[in-house]
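Peer 1: okay, sequence plus prediction incoming.
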Amino acid sequence: MTALLSADDVSVAYRDGARWLQAVDRVSFALPPKARLAIMGESGSGKTTLALAIADLLPHDGIRRSGAVRWPALGGAARPGRDVGFVFQDPMSSLNPVLSVGEQIAEVAVTHLGLSWPAALDRAAELLDRVGLPRPRDRLTSFPHELSGGQRQRVALAMAITAEPKLLIADEPTSALDTLTQAQIVHLLDRLATEIGLALVLVTHDLALAANLAGTGMLMYAGRVAELGPIETMVSAPRHPYLQALVAASLDPDRPPTDRLAEIPGIPPQPGAAIPGCAFEPRCPRARSACRSRPPGWAGTPADGVDCIQFDQLAAVHR
Amino acid sequence: MTRILAVARRRLLHSIPVVAIVVLGVFALLEAAPGDAVDAYLVIGGGDAEMIQRLRQEWGLDRSFLARLGAYLTALAHLDLGWSVAFARPVSAVLFERLPNTLMMMAAAICFSFSAGTLLGIAAGARPGSLRDRILSLVSLGLYAMPSFWLGLMLLVGFAVKLAWFPLGGIESVGMGKTGLARALDIARHLVLPVLSLGLIYLALYLRLMRTGMIEAWRSDYIRTARAKGLTPRRIAFRHAARNALLPVVTMLGLQAGALLSGSVVVESVFAIPGMGRLAFEAVTQRDVPLLLGVFLISTLMVILANLFVDLLYARLDPRVAAEG
Ligand SMILES: Nc1ncnc2c1ncn2[C@@H]1O[C@H](COP(=O)(O)OP(=O)(O)OP(=O)(O)O)[C@@H](O)[C@H]1O
Ligand SMILES: [Mg+2]
């Protein structure tokens, strides 16, 4: 099947004074239509940067990027808002505080569907109903500060799906919400993606959530893909030592369910630091001297593999 | 709507003590200053002790401070602003003759500085650090550093004396019998230079405020959302960024109304415009207490109304302003 989205060696660096911080380093993957990918990794691993790069939303200044994001199934570039919807982490700051909820949804319909304002407002009311806001008509004239966090995220979701895009990117859509609301939003996301036939890129800290919602998992570490593959095998048979530690931690019932990815001992390398070997080596329980001296190679297929020297050698033996 | 009406009611209630303080304050201040209207009159006319006595009696200046204050307040309660000794006419008649000129000049100055300032601020803030931004910032800094009387004099020398594009002063050409549109255009031509000298500084201020607001808005999450929604750059700049950047500028409008009143004293003198500002100056030099009080009273009301308008506008623009409190 033609891929909806394919990323080839996507790299992004941010300018920091005189040097460059490599936030995303040669990431490649492909996403078929209606497929679901979960991007995981601890804070600063480059998840948001990768998501923004896919949607072509990176700032223009102070950025150095390379690689290519292609949209084979679209036959051209993806238009933000039309082909790709984006839901951000913080529903308070991502909505415009001085514009009504109705206007913020309707303007998408006016821009991309060519509707008149009255028709666009009708559509906005339908969408609010669809994302489960009670009394959607009355809500059109509400302002973001008059809504709860969960309601705001529903509005953001309505905005993102207004033009019925092919892909919805959700960057930690539930981390600013309480547990109960989180579950509701996740359920809503799942239902909408199925109903509309959306492909989904979900950025999350939560391994269980990823396993629940997505078919494919991508674990990032220091801007690189550490492991990529079907999410069930990633959870049941993790290969990368980092993922193994994460899975072990997430199975521990004594730990709180949030932010499990950050609970591996040690800290990730300073962004911008030159690393001759594997970035995870200082924290890796199975590190060897070779890990320090040369970068690990990708072991596996483009759709299923791991960025670790041990599997690289193993794969070499099998070949 | 009820939210905005509540804001209006609250502000009007708060302004009652302000008016009272202004009246009492000005009355007491003038009492404390040496000399009175008779002294000022005699500097011009001269006179003997008997005449001084007679004038003081006639103008009611021989009575005690409290008696005069009481008489003034009683009259005021009947909407009577008193008698101007300098003009030998009722204060209200003098005021309402001068008021339109000042109002026109101030309204034009506010409209000009606000619209041009915000638009240029959007242009400068759209691409911070660009050549356009740097030029606009430099010009606004220069304007901002200039005192308005000096700016007025420079404009006068440049555009009225040297180039003769605009009249030297006055509010309209006298004795030409113009009516209707011709008269309006004539007045507009007379207003250009005074409005520029009053408004340019605020234009610079609005430009800088708007630019800062735009730069801040560009960095905010809701602009990233607007880009993710694929809106046109125009809509993002004006409807999303400028709409938020406008809020601090609107707050400034109320302050400008007050500052323009004091600025008009100078500018009306430079351009020989018969307005309230010059009237205040004349009332002070002639120690015309009722006239000066009238000027201050009208000015206070104007500032209160301007601020009320600004508060309502702000409440309209920012839905987060609460009705209660
Ligand atoms: N606008 C920016 N300018 C400079 N550096 C940035 C910028 N945005 C991100 N970075 C840096 O790039 C790296 C990756 O950041 P990114 O936000 O993509 O991580 P993340 O995985 O989304 O983290 P989190 O889980 O905290 O959201 C970090 O080191 C971060 O400091
Ligand atoms: Mg992030």
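Peer 2: Arrived safely, thanks for sending. Ligands and ions are numbered 1, 2, ... in the order given.
Peer 1: going forward, measure contacts between C-alpha atoms and count neighbours the same way
Peer 2: OK.
Peer 1: go ahead and flag the most central residue of chain A.
Peer 2: Closest residue to the average C-alpha location of chain A: A:Val203 at 2.8 Å, with CA atoms, centre = their mean.
Peer 1: for chain B, see how far away that residue is.
Peer 2: 16 Å (CA to the nearest CA, to the nearest Å).
Peer 1: can you give the contact residues for the one helix or strand A:Asp122 maps to?
Peer 2: Following DSSP states H and E, one finds A:Asp122 within helix A:117-130. Here helix A:117-130 makes contact (CA atoms under 8 Å, 6 or more residues apart in numbering or on different chains) with A:102-103, A:105-107, A:109-110, A:135-137, A:139-140, A:154-155, A:158, A:162.
Peer 1: on the three-state scheme, B:Ile117 is what?
Peer 2: No, residue B:117 isn't Ile; it's Gly. helix (DSSP: H, G, I helix; E, B strand; the rest coil).
Peer 1: from the stretch 201-319 of chain A, which residue is nearest to chain B?
Peer 2: A:Val201 (14.7 Å; CA to the nearest CA).
Peer 1: where does that residue sit, in terms of helix or strand?
Peer 2: strand A:199-204.
Peer 1: who does that strand pair with, and is each partner parallel or antiparallel?
Peer 2: On the basis of DSSP bridges, the sheet neighbours of strand A:199-204 come out as strand A:36-40 (parallel), strand A:167-171 (parallel).
Peer 1: what does chain B have sitting close to chain A?
Peer 2: Applying CA under 8 Å from any CA of the partner chain, one finds that chain B approaches chain A through B:220-225, B:227-232, B:240, B:243-244, B:317-320.
Peer 1: roughly how far apart are the residue in the stretch 51-200 of chain B that ligand 1 sits nearest to and B:Gly121?
Peer 2: Ligand 1 sits closest to B:Pro128 of the stretch 51-200 of chain B, with a gap of 16.4 Å, by CA to the nearest ligand atom. According to CA to CA, to the nearest Å, B:Pro128 stands 10 Å off from B:Gly121.
Peer 1: higher neighbour count, the two?
Peer 2: B:Gly121 (31 against 16; other CA atoms under 10 Å in any protein chain shown).
Peer 1: hang on, the earlier thing: ok, then the element right after the helix holding A:Asp122?
Peer 2: Using DSSP H and E, the next helix or strand after helix A:117-130 towards the C-terminus is helix A:136-139.
Peer 1: chain center to that following helix, what's the gap?
Peer 2: Distance, stretch centre to chain centre, for helix A:136-139: 30 Å (CA atoms, centre = their mean, to the nearest Å).
Peer 1: what's the following helix or strand past that helix packed up against?
Peer 2: Using DSSP H and E, the helix or strand that follows helix A:136-139 in sequence is helix A:149-161. Judged by 3 or more CA pairs under 8 Å, 6 or more residues apart in numbering or on different chains; DSSP states H and E, the packing partners of helix A:149-161 are strand A:84-87, helix A:101-113, helix A:117-130, helix A:179-196.
Peer 1: swap the cut-off to 10 Å and go again
Peer 2: Applying 3 or more CA pairs under 10 Å, 6 or more residues apart in numbering or on different chains; DSSP states H and E, one finds that helix A:149-161 makes contact with strand A:84-87, helix A:101-113, helix A:117-130, strand A:167-171, helix A:179-196, helix B:221-228.
Peer 1: worst average pLDDT in these?
Peer 2: Comparing mean pLDDT across the helices and strands packed on helix A:149-161, the weakest is helix A:179-196, with a mean of 92.
Peer 1: report the inter-axis angle for that helix versus strand A:36-40.
Peer 2: Here helix A:179-196 runs at an angle of 150 degrees relative to strand A:36-40 (axes from the mean of the first three to the mean of the last three CA atoms, to 10 degrees).
Peer 1: got the phi/psi numbers for B:Met210?
Peer 2: phi -70, psi -40 (degrees, to the nearest 10).
Peer 1: show me the contacts for the closest residue to it other than its chain neighbours.
Peer 2: If the residues on either side of it in the chain are set aside, B:Met210 comes closest to B:Gly121, at 4.8 Å by CA to CA, 6 or more residues apart in numbering or on different chains. Contacts for B:Gly121 (CA atoms under 10 Å, 6 or more residues apart in numbering or on different chains) come out as B:115, B:133, B:136-137, B:140, B:203-215, B:242, B:245-246.
Peer 1: and the residues you listed, which of them are buried?
Peer 2: Listed as buried from the contacts of B:Gly121 are B:133, B:136-137, B:140, B:203-215, B:242, B:245-246; burial here means 16 or more other CA atoms under 10 Å in any protein chain shown.
Peer 1: the closest residue to ligand 1 within the stretch 201-319 of chain A - how many residues pack around it?
Peer 2: Closest approach between the stretch 201-319 of chain A and ligand 1, counting by CA to the nearest ligand atom: A:Pro271, at 5.3 Å. Neighbours of A:Pro271 under the rule other CA under 10 Å: 15.
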